[in-house]
Structures are given as structure tokens and as C-alpha cells.
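1. need coordinates for the below:
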Amino acid sequence: MRQEISQIARDIPSTEDEKGALIYKEYPLCVALVETDRLRTADAERAVRLKASQQSDQSIGTILLQLGLISDRDLAQALADICDVPVIEKKAYPDFSQLSENISSNFLKQHRLVVFDEQEDHLLAIMVDPTDRYVIEALELISGKQVRLLIGIASEIDEAIQAYFSELLKSEKGSDAEGVEHQLLLDDVEQLKELASEAPVIKMVNQIIQRAVSSKASDIHIEPFENVLKIRYRVDGLLRETEHPSINLAPALISRIKIMANLNIAERRLPQDGRFKVRVHGNTLDMRVSTVPTLHGESMVLRLLQRDEVSLDFASLGFENSTEKRLLEILDRPHGIVVVTGPTGSGKTTTLYAALNYLNRPERKILTVEDPVEYNIEGVNQIQVKPGIGLNFSAALRSIVRQDPDIIMIGEIRDQETAQIAVQSALTGHLVLSSLHTNDAAGSITRFIDMGIEAFLLTSTVNAVVAQRLVRNLCSHCKVPYTPPAEISARFAGYHGPTTLFKAVGCDHCSGSGYRGRSAIIEMIELSEAMRSLILQGKDKNALADCAKREGAQSMYEDGLYKVMRGITTLEEVLRVTQES
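-> Next comes the predicted model:
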């Protein structure tokens with residue numbers, strides 16, 4: 001709110017009105033502040049014009065505080081002079097045991113007051129603004145007593161309210177106090193909105209995102225547990241644990257991000273997905289947000305998609321020249337299916353986007369069906385599936401074939417119906433790109449057959465299968481060469497030249513990990529006549545893999561060894577993500 005008011009205030013001139021009268025003199029508070037040199041005339045004019053432009057119910061004192069033009073102590077003293085009501089310091093407050101129990105915490109927080117029921121015939125109300133007759137009349141109506149006023153300093157009243165209700169919870173619930181306070185906060189949506197809009201929470205969210213960008217993280221994990229809120233960053237495929245804010249901050253922190261992503265902060269029982277854009281260090285980031293309910297609150301994951309830095313060419317992704325050349329030749333074919341396979345987080349979607357980027361030309365109509373749409377590509381018509389309204393992969397595909405596309409990209413083939421539509425699209429002259437979840441390239445063929453696709457249809461439509469994993473790149477600033485022992489050198493017997501490898505050390509550039517960035521290790525199978533014959537004979541994936549190897553195909557492990565020899569990564573990384581056949 002303070003940022004919004006400041007933005008409006010900058011557009012309001014601090015000049016005299018048409019009659020030449022100083023308009024701030026309509027407000028006794030402004031007059032008192034100006035006359036005691038606590039406020040400049042120009043600032044008083046600006047605040048008054050802002051109040052008029054907003055047609056707001058906020059008092060002029062609240063606006064002055066939000067703009068940062070006066071301190072809360074200045075406000076208290078000025079109101080004391082005007083209203084002839086004394087100011088009380090927090091240390092002089094009556095004992096909390098006399099605090100009235102008939103008034104809700106929300107009312108106290110909203111109107112910034114504390115009420116002590118110290119006498120039979122009256123209440124003692126300490127408030128920021130004693131001119132607010134609504135509050136005074138409400139107190140008299142609730143209690144049936146007269147109200148005696150004192151002026152308190154805003155920050156001290158806030159502290160007193162927070163301290164009192166924290167103590168109350170502890171005394172009532174013992175060791176479960178924090179959990180009860182946490183739940184009370186969750187049940188108050190309006191309070192969540194208010195907390196999520198406060199400067200400290202906004203600053204913390206910004207710091208979390210900036211820290212993730214600086215460390216080149218791909219994901220931010222915000223996870224509430226019983227006594228701690230964990231924030232972890234996924235850097236180069238591995239999670240790193242960092243700060244542990246108080247668990248009491250979890251509702252406000254998660255609500256702030258949900259507001260940014262246009263999610264429902266009142267819904268905490270069901271998973272939600274959203275996205276928003278931010279600019280950090282001059283770069284535009286697409287932030288994809290996912291929440292799921294857990295035992296101790298909502299767990300949230302933010303995926304960072306750096307649009308300005310993403311490189312959608314095969315060489316930068318880790319494709320060797322020969323593999324890239326073969327794949328581009330296959331992509332230039334007018335129809336057929338090209339499948340990219342691998343587990344979650346293996347870079348399949350980025351490879352598909354690189355293929356789309358290569359194929360994206362004005363004379364071609366390209367349609368995609370994705371869940372979710374990760375990057376927006378100009379010239380490509382991208383459809384986000386929405387299962388909640390019946391728009392799943394198969395339903396979207398049935399519609400887009402009537403859109404006369406040349407190229408169709410399916411984010412993932414998950415079921416028989418989607419697979420059948422992909423095959424039919426390829427048979428009718430479309431180039432189809434898609435992904436599958438299998439461990440290797442040969443396994444994708446048997447996966448299609450398991451889905452119920454006839455072998456003769458596969459041999460007629462599938463052009464190639466690309467399997468991949470991601471390995472961490474050695475940090476160029478700290479990697480050091482070494483000569484491996486004989487048993488390790490034996491693994492590189494088929495490679496030319498001396499065996500000199502590199503190992504990770506760690507430095508400031510890589511945060512001590514020894515690695516910086518990731519590359520793909522690739523295995524590509526192009527369906528030859530011999531392989532098609534094996535598929536029609538019903539051979540298993542091992543037979544298909546052996547055939548591909550005889551025809552010169554390179555496994556992911558072998559591609560990884562080549563990158564180890566070139567000093568791109570380490571043997572440990574390759575072994576971490578592959579298995580020797």
C-alpha cells in the first residue's frame with residue numbers, strides 16, 4: 001500500500017490551488033505539523049491532494065505516515081496538541097491482565113488501539129487517532145461504559161497488540177502456541193492479504209528471487225515443517241538448503257507469492273498452479289508457481305524461466321556436431337514423429353523448444369499443446385492444457401488438426417488416445433514433435449507398443465528418438481587436470497590421445513561446488529530399415545539397442561565419456577546419471 005500511495009503522490013503537484021489559498025489549512029493536523037516544523041508546506045499540500053484524488057477514508061495522518069513524511073511520534077504529539085489528550089509511552093501502559101477480552105484482535109489491529117477494562121464505569125483506550133469517533137462510539141456501544149482516551153505511538157501500539165496475543169496463546173496452549181497462532185493467521189484471509197502487502201514480506205520475497213537468480217537456480221522450494229520454514233534452491237539439478245525463516249512467516253510469504261501469481265490465497269486444501277513475470281538484474285523472468293497442501297501448510301515450488309538468457313540452439317545444449325547434423329536432417333523431413341525421452345528434469349522440453357526454434361519460419365504453421373507452456377516463442381501458437389475444463393492433450397489435439405498446421409508439438413504423450421492422434425497426424429503429412437518418459441531411446445518404441453500402437457504404424461511414422469540426461473559442467477575457473485589410474489583410463493581405450501581428465505575443486509564462482517551450468521548427454525536412434533524389421537518382428541528394446549549400436553549410434557554413456565575427455569564434465573557426473581549396458 002505504501003508503494004502504491006508513493007507512486008500516486010509523485011504525480012500530484014505541491015502548488016497552490018486556483019484561489020491561491022493553501023489547501024492544507026483545511027486540516028488542523030497539517031497546520032499543527034507545519035507550524036511546529038515537523039512537516040514542510042509542500043509535503044502537506046501533496047498529502048492533502050492525494051487524499052482528495054483517492055477519495056479515501058484514510059485519515060490525513062495515516063497518509064502522512066504511509067508516505068514517510070512524518071514519524072509516528074510526530075503524529076502522536078501533534079494530535080495531542082490539537083485534541084488536548086496526553087501521549088502515553090509503552091512503558092507506562094497498564095498491566096496486560098486488565099486488557100479487555102470482549103474486543104477482537106482484528107478490531108484492535110485494524111484501528112490501532114489497545115483497550116484496558118480497568119474501572120467499572122469506564123474503559124481506557126490508547127489509540128493513534130483520537131479524532132476517530134466511529135471507534136470511540138463502537139467501544140461505548142460494546143461495553144456500555146464511557147471511554148477515556150490516551151494517545152499512543154503507532155509502532156508501540158502494534159508491538160503491544162502482538163506481544164499480548166502471543167502471550168495469551170502461550171498461556172492457553174503451552175508449547176503449541178506457535179502452531180495455534182499460525183492457524184489463527186491462516187484462518188484470517190484479510191489479515192493474510194494485509195501481511196502479504198507489508199514491506200518486510202515484499203522485501204523477503206524479492207530477496208529470495210534475487211538470491212535464486214544470482215546462484216543460477218532453476219527452482220525455489222518453500223517448505224513449511226512443524227517448527228521451521230525451509231527455503232531450498234535447485235542449482236545444476238541438485239537442491240541446496242539455505243536460510244530458515246520463522247515458521248510464523250510462512251502464511252504471509254506464501255500468500256505474497258500467490259497474490260503475485262493470481263492464485264486464491266483462501267484456498268489451501270487443493271493444489272494450485274499459476275505464473276507471473278518479474279525483472280531481476282535487468283532480465284525478464286517467467287516464474288511458474290505450484291502449491292500443494294502438506295501436513296504443516298502449503299508447500300510451494302517456483303520454477304525460474306529466464307527468457308532473456310535461454311539459448312535454444314542444439315550446440316549450446318550439449319549436442320555434438322555429428323549428432324546435431326543428423327537431427328537437423330531428420331527435422332527437415334516434411335512428416336513423421338521425433339520423440340525426445342528421459343526422466344523428469346532431463347531437459348526434454350528445452351530440446352523440443354530448440355527444435356521448434358529451428359523449424360519456426362513464416363511459411364510454416366506451428367501449433368503446440370503443452371502442460372505447462374514454459375517459454376513463449378513468437379510465431380508459434382501455443383496451447384496450455386486445462387484438465388479442469390476438459391482441455392487435455394487429446395481434446396486439444398483433436399481440435400488443432402483442423403487448424404491446418406504443418407508442425408505439431410505435443411508436450412508429453414501420456415496415454416493411448418494422445419499417442420494414436422500423434423501417429424494419425426504423422427500419417428496425414430504433419431511433422432510431430434513430442435516427449436516420453438522412458439529410460440533410453442530404444443525403450444520409447446516398446447512404450448508406444450505398450451500403449452496399444454500397432455508396430456506397423458510405428459515403423460511408418462517414427463523418424464528418430466532422442467534420449468538425454470543432464471550432467472553438471474565443470475567450473476572453468478577452478479577445474480584442475482589429473483592423470484587417472486589405469487582402471488579408469490581403460491574406460492577411454494577407444495578414444496584417441498592421452499587420458500588427461502579434470503576434477504572439480506570449488507571456488508567463489510561456483511559457490512564451492514566445482515560445477516557451473518549443465519549440458520546434455522545424448523543418445524539418438526534413427527529408425528533404419530533393419531530396425532523397422534526388428535520392430536515388426538516384435539523384438540524387445542535390447543535387440544533394438546544392439547542394432548542401433550551396430551549401425552554406429554552412440555549411447556548416452558559414450559557421449560558422456562567424450563565430454564569427460566574434453567574437460568566439460570567429470571566421470572563421476574556421467575556415472576551418476578547413466579548406467580553401463
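
2. looking at residue 223 now. What's its pLDDT?
-> With respect to pLDDT, residue 223 scores 93.

3. got the contact list for it?
-> Contact analysis of residue 223 by Cβ atoms under 8 Å, 6 or more residues apart in numbering lists 229-232, 294, 299-300. For the C-beta atoms, the positions are set from N, CA and C on the backbone; glycine is no exception.

4. list the contacts of residue 274.
-> Residue 274 neighbours (Cβ under 8 Å, 6+ apart): 258, 261-263, 288-289.

5. which parts of the stretch 401-550 of the chain are helices?
-> Ranges of helices within the stretch 401-550 of the chain are 416-427, 441-450, 455-461, 486-489, 529-536, 541-550, based on DSSP state H, counting those that start in this stretch.

6. most neighbours among the contacts of residue 223, which one is it?
-> Counting neighbours by other Cβ atoms under 10 Å, residue 300 leads these with 23 neighbours.

7. beta partners of that one?
-> residue 222, residue 291 (DSSP bridges).

8. was I right about it contacting residue 222?
-> Yes: if you go by Cβ atoms under 8 Å, residue 300 and residue 222 touch, sitting 4.4 Å apart.

9. if we can go back for a sec, would you format the helices of the stretch 401-550 of the chain as CSV with mean neighbour count, mean pLDDT and distance to residue 434 included?
-> As requested, the helices of the stretch 401-550 of the chain are arranged in CSV below (neighbours: other Cβ atoms under 10 Å; pLDDT from 0 to 100; distance: least, Cβ to Cβ, whole Å):
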stretch, mean neighbour count, mean pLDDT, distance to residue 434
helix 416-427, 20, 91, 6
helix 441-450, 22, 91, 10
helix 455-461, 17, 92, 11
helix 486-489, 10, 80, 38
helix 529-536, 16, 92, 18
helix 541-550, 17, 91, 18
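
10. those: which one's closest to residue 120?
-> Nearest to residue 120, of all those, is helix 416-427, at 75.8 Å by Cβ to Cβ.

11. tell me which other helices or strands that closest one touches.
-> For helix 416-427, the packing partners by 3 or more Cβ pairs under 8 Å, 6 or more residues apart in numbering; DSSP states H and E come out as strand 336-341, helix 393-400, strand 407-410, strand 431-436, helix 455-461.

12. now the angle from that helix to strand 336-341?
-> On the basis of axes from the mean of the first three to the mean of the last three Cα atoms, to 10 degrees, helix 416-427 is oriented at 140 degrees to strand 336-341.

13. and helix 416-427, how far from the chain's centre?
-> Relative to its chain's centre, helix 416-427 lies at 34 Å (Cα atoms, centre = their mean, to the nearest Å).

14. that older thread, could you turn the buried ones of the contacts of residue 274 into a ChimeraX selection?
-> The buried subset of the contacts of residue 274, as determined by 16 or more other Cβ atoms under 10 Å, is captured in ChimeraX by this line:
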select :258,261,263,288,289
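
15. mean pLDDT lowest where, among the helices and strands packed on helix 416-427?
-> The lowest average pLDDT among these, as it happens, falls on helix 393-400, at a mean of 85.

16. other SSEs contacting that helix?
-> strand 366-370, strand 407-410, helix 416-427.

17. quick check: closest non-adjacent residue to the residue nearest in space to the middle of the chain.
-> Geometric centre of the chain, nearest residue: residue 302, 2.6 Å, by Cα atoms, centre = their mean. If the residues on either side of it in the chain are set aside, residue 302 comes closest to residue 220, at 4.2 Å by Cβ to Cβ, 6 or more residues apart in numbering.

18. for residue 156, same thing?
-> Among residues not flanking residue 156 along the chain, residue 90 sits closest, at 4.0 Å (Cβ to Cβ, 6+ apart).

19. tell me the contacts of that neighbour?
-> If you count contacts by Cβ under 8 Å, 6+ apart, then residue 90 has 152-153, 156, 159-160 around it.

20. in the helix or strand hosting residue 126, which residues are buried?
-> Element membership of residue 126, judged by DSSP states H and E, is strand 122-127. Burial within strand 122-127, assessed by neighbour count using 16+ other Cβ under 10 Å, is assigned to 123-127.

21. and for stretch 89-108?
-> Residues of stretch 89-108 classed as buried: 93, 99-100, 103, 108 (neighbour count, 16+ other Cβ under 10 Å).

22. point out where the stretch 101-250 of the chain drops to low pLDDT.
-> 101-102, 104-105, 118, 164-192, 194-199 (pLDDT under 70).
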